[in-house]
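# after the sequence you'll find the predicted model.
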Amino acid sequence: MTHCKEYGLRARFLRPATAATALVMLLTFAPAAALAQRGFLEGTPKPPTAIPKGPTPRMPDGKPNFSGVWNSPDFGSLGAPLPLQPWAQKLADERKKNGEIDDPEAKCLPGGVPRISPYPMKIVQTPDLVVMLFEGNVHSYRQFFLDGRPHDKSLDPSFMGDSVAHWEGDTLVVDTVNFNDRTWLSSGSAAPHTDKLHVIERYRRPDLGHIEVDITLEDPGALTKPHTFKRLHTLDQGWEIHEYVCNDLVLDLTRK
């Protein structure tokens with residue numbers, strides 16, 4: 001039986017009509033520190049791990065090495081309120097009023113960008129490619145191509161978009177376009193976006209234990225102006241990402 005000791009949820013006894021709502025409420029309102037430890041639907045959460053100290057690790061070419069398993073304590077934050085256009089603000093308000101029951105993540109769909117789950121992620125870095133592997137939801141992934149290629153205009157719009165990257169000194173700049181419009185920008189805001197969304201991320205690793213990211217959202221279809229906010233990731237040297245199958249959870253939640 002799926003059992004969440006941390007929040008007292010015994011999913012087997014939930015009625016089908018309330019299953020998605022319960023999952024959304026957990027993801028939206030549960031403390032980020034607990035959720036980021038992966039254990040909230042698997043029994044006892046993983047004990048917190050001290051953030052390691054030390055200098056920035058580097059690749060053979062001297063660039064910062066972002067490899068490792070990372071937690072995201074501020075995963076749900078977009079900084080200040082989003083500058084939504086009237087139609088987008090109205091839709092976000094309606095979603096909140098409905099308890100965010102239509103949140104795509106509650107249906108085991110990818111979270112999109114810049115939204116991430118409260119579960120750990122793993123970064124694997126090579127000179128020409130950086131890959132993000134997300135433990136949560138549907139084992140989503142992102143690829144940051146560093147080989148100088150342009151955006152692939154032949155691709156269909158997708159949940160995670162198409163990302164190309166380049167270095168500006170020790171900062172990894174990631175440019176992502178070609179999104180579909182099926183994701184929410186975050187659970188807390190319930191904000192929509194359009195297929196015109198353009199995300200620019202600037203990754204820095206100031207020391208061993210932290211990654212700092214400046215994220216700018218541009219969407220002339222849903223925002224009145226660009227919006228920039230910060231995100232922090234902390235290194236977890238005592239952990240590996242594990243299999244977590246959102247579909248199995250939903251089936252268990254809705255099973256009579």
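Great, that's in hand. Numbering: from 1, shown residues only.
# so Thr56 touches Gly62, yeah?
No. Counting by Cβ atoms under 8 Å, Thr56 does not reach Gly62; the two are 10.7 Å apart. Backbone N, C-alpha and C define where each C-beta goes, glycine included.
# which one of those two has more residues nearby?
Thr56 (16 against 8; other Cβ atoms under 10 Å).
# can you give me phi and psi for that one?
Here is the backbone geometry of Thr56 (degrees, to the nearest 10): phi -70, psi 120.
# OK, contacts around it?
Counting by Cβ atoms under 8 Å, 6 or more residues apart in numbering, Thr56 touches Pro64, Asn65, Asp170, Arg205, Pro206, Asp207, Leu208.
# now with 7 Å?
Shown in contact with Thr56 (Cβ atoms under 7 Å, 6 or more residues apart in numbering): Pro64, Arg205, Pro206, Asp207, Leu208.
# in the stretch 101-250 of the chain, which spans are helices?
For the stretch 101-250 of the chain, applying DSSP state H, counting those that start in this stretch gives helices covering 246-254.
# what about the strands in it?
121-125, 129-134, 141-145, 162-168, 171-177, 198-207, 210-218, 227-235 (DSSP state E, counting those that start in this stretch).
# what's the angle between the first one and strand 227-235?
Strand 121-125 and strand 227-235 meet at an angle of 90 degrees, taking axes from the mean of the first three to the mean of the last three Cα atoms, to 10 degrees as the criterion.
# buried sites along strand 121-125?
Met121, Lys122, Ile123, Gln125 (16 or more other Cβ atoms under 10 Å).
# follow-up on the earlier one: now the buried members of the contacts of Thr56.
Pro64, Arg205.
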